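*Asks:* need a 3D model of the sequence below.
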Amino acid sequence: MRITITIGPRRPKAKVGDRKIIRGVEHIRVFRYATNSRGERIGFDCTGGKQRYEWVPISEARVYGAGHHWTVEERAKYDNEYPPGYMQGRGAA
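*Replies:* Numbering: from 1, shown residues only. Reported below is the predicted structural model:
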């Protein structure tokens, strides 16, 4: 009789750049930032010796340094040099 023991995760763990739908909006997994008392970002959050992560909407990936995970279509949609509404009031239609 042979006994086989398998040790390992039952499903793959989420990694940076993975995507999932939360409340109908597609999110991407990114590193969580640590902030100081004024709310300024000072680095990545490594509480307890482990890197921390969070899920953010794909449209905000650039703010979290994860814009390189965008597809070609998402890059064309979100990667513009001017913020939304910038050209309004400058004569642009």
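*Asks:* quick one: end-to-end length of stretch 2-17, please.
*Replies:* Start-to-end span of stretch 2-17 (CA to CA, to the nearest Å) is 40 Å.
*Asks:* how about that stretch: buried residues?
*Replies:* For stretch 2-17, a neighbour-count test (16 or more other CB atoms under 10 Å) marks nothing as buried. To be clear about C-beta, it is placed using only N, CA and C from the backbone, and glycine gets the same treatment.
*Asks:* where exactly do the strands run in the chain?
*Replies:* 19-22, 25-31, 33-35, 41-44, 53-57 (DSSP state E).
*Asks:* for residue 64, find the nearest of these.
*Replies:* Of all the strands of the chain, strand 25-31 sits nearest to residue 64, with 4.2 Å by CB to CB.
*Asks:* mind listing what the closest residue to residue 19 other than its chain neighbours touches?
*Replies:* Counting by CB to CB, 6 or more residues apart in numbering, the nearest residue to residue 19 once its immediate chain neighbours are dropped is residue 28, at 5.4 Å. Going by CB atoms under 8 Å, 6 or more residues apart in numbering, residue 28 touches 17-19, 55-58, 61, 66, 69.
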